[in-house]
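Colleague: model the following, please.
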Amino acid sequence: MVAGAFPLAKLLSLGARQLSRPLAARIKAGARASPFFRSYICLPPAQLYHWVEMRTKMRLLGFRGAAVKPLNEEAAAELGAELLGEALVFGVGGLCLYLEYLRQAGQSRRREEHLEQTLTDLREGLERLQRDLEELRAQ
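Modeller: Below is the predicted model:
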């Protein structure tokens, strides 16, 4: 098996992203089942998202001072679970991109170091040949 021909890191990142989707579905199911998870994890981000979204829409439509009514608990739990699931998928995707960037940067750095070492070796060889040539001319 050739390691360079088959990008194992890309396969692993794709697998991690695919595994994050069922995990997001478990978060949604947990939001429906657990009152603690629903109350303290899902509802606050959902209410904040709803408030920001509605304020933005109202301002775009020209309503400046209108109050935003909070979502009911069921809708907020569903929206919060959806937000957390999407944030998880997005976060895993971003982490995979960052790790791929680090891998590529490391490869580039190693390639530059190898080229620099080769250039240094060539310069040393050239200096050695020039010294040998001067010794031969001196004889």
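Colleague: so how far is the longest helix belonging to the chain from its chain's centroid?
Modeller: Secondary structure of the chain per DSSP state H: the longest helix is helix 73-138. Relative to its chain's centre, helix 73-138 lies at 16 Å (CA atoms, centre = their mean, to the nearest Å).
Colleague: with stretch 20-32 instead?
Modeller: Its chain's average C-alpha position is 20 Å from that of stretch 20-32, according to CA atoms, centre = their mean.
Colleague: begin at 45, not 1, for the rest of this chat.
Modeller: Will do, 45 is the new start, and the previous item becomes stretch 64-76.
Colleague: contacting residues around that stretch?
Modeller: 81-82, 85-86, 121-122, 124-126, 128-130, 132-133, 135-137 (CB atoms under 8 Å, 6 or more residues apart in numbering). Where C-beta positions appear, they are placed from N, C-alpha and C, glycine not excepted.
Colleague: buried among those residues? Make that a ChimeraX selection.
Modeller: The buried subset of these, as determined by 16 or more other CB atoms under 10 Å, is captured in ChimeraX by this line:
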select :81,82,85,86,121,122,124,125,126,128,129,132,133,136
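Colleague: give the rounded mean pLDDT of the longest helix of the chain.
Modeller: In this model, helix 117-182 has a mean pLDDT of 91.
Colleague: residues touching the residue nearest the centre of the chain, list them.
Modeller: Nearest to the mean C-alpha position of the chain, by CA atoms, centre = their mean, lies residue 138 at 1.7 Å. Residue 138 makes contact with no residue, according to CB under 8 Å, 6+ apart.
Colleague: need the three-state assignment for residue 109.
Modeller: coil (DSSP: H, G, I helix; E, B strand; the rest coil).
Colleague: any idea how far residue 143 is from it?
Modeller: 47 Å (CB to CB, to the nearest Å).
Colleague: who has more neighbours out of the two?
Modeller: Shown here are residue 109 and residue 143; by other CB atoms under 10 Å, residue 143 has more neighbours (14 against 5).
Colleague: and for the residue lying closest to that one once chain neighbours are set aside, the neighbour number?
Modeller: Excluding its sequence neighbours, the residue lying closest to residue 143 (CB to CB, 6 or more residues apart in numbering) is residue 57, at 6.9 Å. For residue 57, the neighbour count with other CB under 10 Å is 19.
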